[in-house]
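Q: predicted coordinates and the sequence they were generated for:
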Amino acid sequence: MLDHVSVALHTTHDGQIPRGTALPDNRRHNVENQAQQHEHSVKIYIDRKEHSSPSPTTGAALYVLGKVKNGYDLFEEEQGPVDDKLIRNDGQEVRLKEFTHFYSAQRELNPGATRSDTSTKSQLLPDPDAEYLESKGYRFSEKNASGWIHVTLHDFLLPTCYCPGVCDLLVRLPPAYPNANPDMFWTRPDIRLSTGNWPARADVHESFDGESW
C-alpha cells in the first residue's frame, strides 16, 4: 500500500496525476478530489457585475475582485426581512454559493437624516424616485434605520378585493439601493382579503422602529 509520501511523489506540482502513473483506486480518487476542490469556482455578482471567484475565498479578495472603493463596505444580499451580511475586508474565509449577489455601500451614513411631509426635497431617496412619487400625488415620509431607507406611503389606496381599502405601506430599501433591490413590503393596519382570509404569505408580522407591520 502506498503512503502519503509516495502519493505526493507521484503527483505534479499542480496536484494532477501524471499519465502512466499507477495508483490504487482509492488514492487516485482522493488526489483527484483535492485537485477539483482547489479548482472549484462559482459565478457571483458584485454591484450587478458578473464575476467568477474561487470558493472558498476571502473578504479581501472579494473587495479586490469587485473593485470596491475606499470608504465603502461590501455586503452579501440576504433574502427576507433580515439584515444583509457585512463582508469584512480581511483574510477571513468566505464560502460562496452560485449566483450570490454582493453590493458595496458607503461606510459613513447619516443615521439622523429624515424627511418631513412638508419638505420640498428628499434627503434620502434618489431624486428620480422622489420626483416620481410626488408627481403621482403620494404623501410619503422617509427615515434612515441602520443604513436602510424606510419609505412609508401614507393613505395608500388598495384594490377593492382588500379590506380595509386604505393603509400605510412601508418599503425598506437596502443600503446600496438602487444597486440592490427591495424584496418585500409591509402594511399598517393588517390587510385581509374581502373574504376575511389572509392574502398569500401576508400573515407574518414584523417590528420596525418599535411598531408592528
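A: Great, that's in hand. Just so it is clear, the model here is predicted, and its values are computed rather than measured.
Q: which stretches of the chain form helices?
A: Counting by DSSP state H, the segments of the chain that form helices are 4-9, 25-39, 59-65, 127-135.
Q: got any ranges where this structure has weak pLDDT?
A: The model of the chain has pLDDT under 70 over residues 1-39, 80-81, 108-122.
Q: now do 80
A: 1-39, 79-83, 106-123, 146, 201, 203-204, 209-210 (pLDDT under 80).
Q: and Ala61, how far from Asp90?
A: Separation of Ala61 from Asp90 (C-beta to C-beta, to the nearest Å): 10 Å. Bear in mind the C-beta positions are built from the backbone N, C-alpha and C, glycine included.
Q: please say which of those two ends up with more neighbours.
A: Using other C-beta atoms under 10 Å, the more surrounded residue of Ala61 and Asp90 is Ala61, with 15 against 9.
Q: ok, the more buried one touching His51?
A: No: because the distance of 10.6 Å does not satisfy C-beta atoms under 8 Å, Ala61 is recorded as not touching His51.
Q: for Gln154, give its distance to Phe140.
A: Check again: residue 154 is His, not Gln. His154 is 6 Å from Phe140, by C-beta to C-beta.
Q: more neighbours: the two, which one.
A: Counted by other C-beta under 10 Å, His154 and Phe140 do not tie: Phe140 has more neighbours, with 21 against 13.
Q: spatially nearest residue to the more buried one, not counting backbone neighbours?
A: Excluding its sequence neighbours, the residue lying closest to Phe140 (C-beta to C-beta, 6 or more residues apart in numbering) is Leu153, at 5.1 Å.
Q: so what pairs up with the one you found in the strands?
A: Leu153 has these beta-bridge partners by DSSP bridges: Phe140, Leu169.
Q: report how many residues lie close to it.
A: Neighbourhood size, Leu153 [other C-beta under 10 Å]: 19.
Q: that one against Arg139, yeah?
A: Yes: the criterion here is C-beta under 8 Å, and Leu153 meets it with Arg139 at 7.5 Å.
Q: quick check, central residue of the protein?
A: For the chain, the residue sitting closest to the mean C-alpha position, by C-alpha atoms, centre = their mean, is Glu77 at 0.9 Å.
Q: who are the contact partners of the residue nearest to that one when sequence neighbours are not counted?
A: Beyond its immediate neighbours in the sequence, the residue positioned closest to Glu77 (C-beta to C-beta, 6+ apart) is His101, lying 4.4 Å away. Neighbouring residues of His101 by C-beta atoms under 8 Å, 6 or more residues apart in numbering: 44-45, 48, 76-77, 180.
Q: what's the first-to-last distance across stretch 41-54?
A: 4 Å (C-alpha to C-alpha, to the nearest Å).
Q: buried sites along that stretch?
A: 42, 44, 46-47, 53 (16 or more other C-beta atoms under 10 Å).
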